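Novice: Here is my input; please provide its structure:
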Amino acid sequence: MPYTVPKLSDFSPSALNNAVRELLSALEQESAAVASEHDWKTFRDRWMARRNGILTQLNDLWLKAAPGPNKRGVGQRVNELKTTVEQTVDATLVRIQSGASSGKLAAERLDITLPGILRPLGAEHPVIKTMNEIIGVFRNLGYSVEEGPEIETDYYNFEALNFPPNHPARDTQDTLFIAGQESKALRDRLLLRTHTSPVQIRTMQKMKPPVRVVCPGKVHRNDAPDATHSPIFHQVEGLAVDTNITFCDLKGTLDHAMKALFGSSVKTRFYPSFFPFTEPSADVQISCIFCDGKGVRDGAPCRNCKASGWIELLGCGMVDPNVYGFVDYDATKVSGFAFGMGVERIAILKYGVDDIQLFFQGDVRFLEQFG
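Specialist: From the prediction side, this is the model:
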């Protein structure tokens with residue numbers, strides 16, 4: 001039965017000792033039975049509640065009922081019991097809380113002898129992988145990497161690159177302009193950059209020759225998506241400006257880069273082209289890596305090079321002297337060359353992909369092949 005405070009008729013020291021012994025025994029048993037904070041609150045209220053707690057009953061049934069000569073001795077014992085009860089209640093709470101923490105720690109304890117969990121790692125995207133390979137080739141030649149904003153002004157994207165005001169590339173058929181720019185001067189209008197060439201201008205503005213940089217990044221054009229076109233793609237462009245740089249330096253640089261990317265047996269050839277920011281300009285072809293430049297594969301015309309034995313890959317040229325005027329270079333003292341290549345174009349050749357859209361559809365089954 002639960003403990004109840006007895007009424008005392010005998011207040012002699014021996015009788016009082018017996019009553020105190022019974023009370024402390026009950027206190028110890030009830031404290032040991034407490035297993036949760038809810039049990040502890042019940043235990044605390046039972047012993048320490050102001051209205052009907054056991055300590056309150058001790059005052060009523062023992063101290064107030066004690067005859068005058070015994071009040072002092074009974075009061076001392078009641079005070080001692082009050083201190084003991086309070087300490088026991090506090091100690092019980094500490095035991096409950098420490099026990100809960102120990103149980104939680106035991107549940108969360110890590111057994112380092114168990115085998116680890118192997119988490120699957122993502123594969124590097126083939127476009128980024130190809131871009132890093134291209135950058136690595138030119139880093140080994142001493143080029144540094146420069147990047148710039150994707151939202152550019154007409155000045156950096158066209159004017160400073162020697163594009164005339166009526167050039168077709170400025171038209172919205174090719175370029176994606178930011179809305180609400182009509183009130184601005186033409187050179188200040190914002191657009192999504194159509195090439196990474198603006199980074200070359202920004203680099204020359206902040207650096208004096210010699211300059212050797214590659215400019216990788218995402219570019220945008222108003223193209224309908226199909227197997228060979230995408231409105232978003234990536235480029236790596238390069239720029240070298242110094243004294244006495246010639247077209248032979250350009251040819252040697254790109255021939256080395258193509259051999260590093262596609263193998264030492266690859267040949268390159270240059271033929272005339274036109275770009276507003278280079279003069280002279282050239283398109284670069286490499287010997288077909290699928291038919292070894294023969295134009296025939298497995299007894300049939302090679303589809304990759306259209307039986308020509310050559311694949312067009314990038315554009316290049318000597319920097320037009322007019323461009324130097326926009327960056328305060330002395331065209332009579334320095335010369336340089338520039339080139340640019342589409343990363344997806346090279347990735348398609350390296351990995352045998354037949355649809356550029358596969359790079360952007362996010363199909364894990366396709367991307368896992370490059371892990």
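
Novice: Excluding covalently adjacent residues, which one is nearest to Ala91?
Specialist: Ser31 (7.6 Å; Cβ to Cβ, 6 or more residues apart in numbering). Using the backbone N, CA and C atoms, a C-beta is placed for each residue, glycine as well.

Novice: what about the one you found, how many neighbours?
Specialist: 17 (other Cβ atoms under 10 Å).

Novice: Tell me the buried residues in the helix or strand encompassing it?
Specialist: Counting by DSSP states H and E, the element that carries Ser31 is helix 13-33. Residues Leu16, Ala19, Val20, Leu23, Ala26, Leu27, Glu30, Ser31 are the ones in helix 13-33 that count as buried (16 or more other Cβ atoms under 10 Å).

Novice: Please report how far the second one lies from Leu63.
Specialist: The one in question is Ala19. According to Cβ to Cβ, to the nearest Å, Ala19 and Leu63 sit 12 Å apart.

Novice: same check, this time on the first one
Specialist: When distances are taken as Cβ to Cβ, Leu16 and Leu63 turn out to be 11 Å apart.

Novice: moving C-terminal of the helix holding Ser31, what's the next helix or strand?
Specialist: As assigned by DSSP H and E, the chain's next helix or strand after helix 13-33 is helix 37-48.

Novice: Provide the contact partners of the helix holding Ser31 at residue level.
Specialist: 2-3, 5-6, 8, 39, 43, 46-47, 54, 62, 73-74, 77, 81, 84-85, 88-89, 91-92 (Cβ atoms under 8 Å, 6 or more residues apart in numbering).

Novice: Off-centre distance for the top helix by length along the chain?
Specialist: Longest helix in the chain, counting residues (DSSP state H): helix 68-108. With Cα atoms, centre = their mean, to the nearest Å as the basis, helix 68-108 stands 54 Å off its chain's centre.

Novice: which helices and strands sit right next to it?
Specialist: Counting contacts by 3 or more Cβ pairs under 8 Å, 6 or more residues apart in numbering; DSSP states H and E, helix 68-108 packs against helix 13-33, helix 37-48, helix 54-58.

Novice: Can you lay out the ones you listed as JSON lines showing mean pLDDT and distance to Val241?
Specialist: As requested, the helices and strands packed on helix 68-108 are exported to JSON lines (pLDDT from 0 to 100; distance: least, Cβ to Cβ, whole Å):
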{"stretch": "helix 13-33", "mean pLDDT": "88", "distance to Val241": "87"}
{"stretch": "helix 37-48", "mean pLDDT": "89", "distance to Val241": "76"}
{"stretch": "helix 54-58", "mean pLDDT": "87", "distance to Val241": "93"}
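
Novice: For Val353, find the nearest of those helices.
Specialist: Nearest to Val353, of all those, is helix 37-48, at 63.6 Å by Cβ to Cβ.

Novice: What mean pLDDT does stretch 69-77 get?
Specialist: Averaging pLDDT along stretch 69-77 yields 85.

Novice: C-alpha coordinates for that stretch, CSV please?
Specialist: What follows is stretch 69-77, C-alpha atoms only, in CSV (Å, rounded to 0.1, in the frame of the first residue of the first chain):
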residue,chain,number,x,y,z
PRO,A,69,7.8,20.0,25.6
ASN,A,70,8.2,17.9,22.4
LYS,A,71,7.7,20.6,19.8
ARG,A,72,11.3,21.5,19.5
GLY,A,73,12.6,18.0,19.0
VAL,A,74,9.7,17.2,16.5
GLY,A,75,10.4,20.4,14.6
GLN,A,76,14.1,19.5,14.2
ARG,A,77,13.2,16.1,12.8
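
Novice: in that stretch, what counts as buried?
Specialist: Residues of stretch 69-77 classed as buried: Asn70, Val74, Arg77 (neighbour count, 16+ other Cβ under 10 Å).
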